[in-house]
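Colleague: Sequence first, predicted coordinates after that:
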Amino acid sequence: RMLALGSLLATSLVLPAPTPSPRLSRAQPSMSAAAGVEPSLDQLYADIAAAQPAQQAAYEAWLDSGAVDTADLVAQAAAQGCKLDLKGGQLSYADDFTPVPLCFDFIYCRHGKTTGNTEPRVYQGYVDEPNNALNEIGRGQAEEAADKLDALGVTPDLVVLSPLSRATDTGMAWVRRDKEREKVTETWEEAAEMHFGSWDNVMVKDLDKENMCHLFYLTQNVVVTAPKPYVRPSDGTEFEAESFVTMLTRMRRMLDKLNDRLAPLAAERKAAGKAAPLVVMYGHSMAGAGLSVLTGNGKVVDGKTYLGFDGKYIMPNATPVYLHKCKQ
């Protein structure tokens, strides 16, 4: 299981999710809004939760439409030792699951708080606009995370930063405290957050309450995928959407790359009777959830057998955790 470094002071935040329904309609006005009374955020979220049957129907219609290669998604999940329930969209560990073998110790830290994951929250994935940067609270959290790592006295052999500024800035709060750390710090595109496509930076409350995107956080659906790409405002570059399953595959490739990179050093250290290399990575909630699943730290939903990654199961902001520690 994940070992929290210090007390978990950060409050879990519900991260928005991708909306894979073919339609991109925004939320319809509630009864209170129609009566001329602006509904509260709690009421809007309650209306969304109550519409879950319609969301599920939209999801099942989407599966039946052939818009997604379901066989490929099942195969991708199986390749990571997981079972995919297509009807419900949930992921669970297979009976023969084994964590990805790593030759290095691995500490992971999600970025600090941003405006984007402060209510009313947005789908915050592969986006780097002003509202996705660390806010004042997040900058303070970054320093607190750095304090926790300093208290451990760890010396990293490699620090990996997501290219998105909220993660980079959280990591640099620790890296810049030691010139030696700067020498082993790299930015990896693979470490970026899940791509939510056309729902990125859209407020959850503003999406149609019957849109299947809401199943991502309401039922931990790992299949739903936005039908259109995210278009970066600064230059018009398009970024295709991912499902949680396809993001999980990307995280596995990154772990394999890290293993290949550190295997020689790990062998050298082992032969000398020394500790395994240490990788410290700064990233995101969904990317971190994927890595947690792969390393055997996935969180099983209360009373269920499938895995949770959002809502109460989300990785807290700016809290370093050991996802793997090699046996000495």
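Modeller: Cool, the structure landed.
Colleague: Neighbours of Arg181, how many?
Modeller: Taking other CB atoms under 10 Å as the neighbour definition, Arg181 ends up with a count of 18. All C-beta spots, glycine's among them, are computed from the backbone N, C-alpha and C.
Colleague: And for Pro120?
Modeller: Neighbour tally, Pro120, other CB under 10 Å: 12.
Colleague: need the contact list for it.
Modeller: With contact taken as CB atoms under 8 Å, 6 or more residues apart in numbering, Pro120 is in contact with 41, 203-205.
Colleague: phi, psi of it?
Modeller: Here the main-chain torsion angles of Pro120 (degrees, to the nearest 10) amount to phi -80, psi 120.
Colleague: where along the stretch 101-250 of the chain do the strands fall?
Modeller: Along the stretch 101-250 of the chain, counting by DSSP state E, counting those that start in this stretch, strands occupy 105-110, 158-161, 185-187, 230-231, 238-239.
Colleague: before we move on, back to that, from the contacts of Pro120, list just the buried residues.
Modeller: Neighbour counting by 16 or more other CB atoms under 10 Å classes 203-205 among the contacts of Pro120 as buried.
Colleague: what's the closest of those to Val100?
Modeller: For those, the residue nearest Val100 by CB to CB is Val204; the value is 31.8 Å.
Colleague: Distance check, that closest one against Thr219.
Modeller: Computed as CB to CB, to the nearest Å, the Val204 to Thr219 distance reads 15 Å.
Colleague: Leu86 now?
Modeller: Looking at Leu86 against Thr219, where the rule is CB to CB, the gap reads 13 Å.
Colleague: Name the residue in these two with the higher neighbour count.
Modeller: Thr219 (23 against 16).
Colleague: Contacts only, for that one.
Modeller: 52, 56, 88-90.
Colleague: go with 10 Å
Modeller: Residues touching Thr219, when contacts are defined by CB atoms under 10 Å, 6 or more residues apart in numbering, comprise 52, 55-56, 59, 88-90, 212, 301, 304, 306, 308, 310-311.
Colleague: Sort out which of these are buried, if you could.
Modeller: Neighbour counting over the contacts of Thr219 (16+ other CB under 10 Å) leaves 52, 55-56, 59, 88-90, 212, 301, 306, 308, 310-311 as the buried ones.
Colleague: Can you show me the helices along this protein?
Modeller: Assigned by DSSP state H, the chain shows helices spanning 31-34, 41-50, 52-64, 70-79, 136-152, 165-175, 179-183, 215-218, 244-271, 285-294.
Colleague: would you list those in CSV and tack on distance to Thr319 and mean pLDDT?
Modeller: What follows is the helices of the chain, written out as CSV (distance: least, CB to CB, whole Å; pLDDT from 0 to 100):
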stretch, distance to Thr319, mean pLDDT
helix 31-34, 37, 52
helix 41-50, 25, 97
helix 52-64, 30, 98
helix 70-79, 27, 98
helix 136-152, 7, 98
helix 165-175, 11, 99
helix 179-183, 19, 97
helix 215-218, 20, 97
helix 244-271, 19, 99
helix 285-294, 10, 99
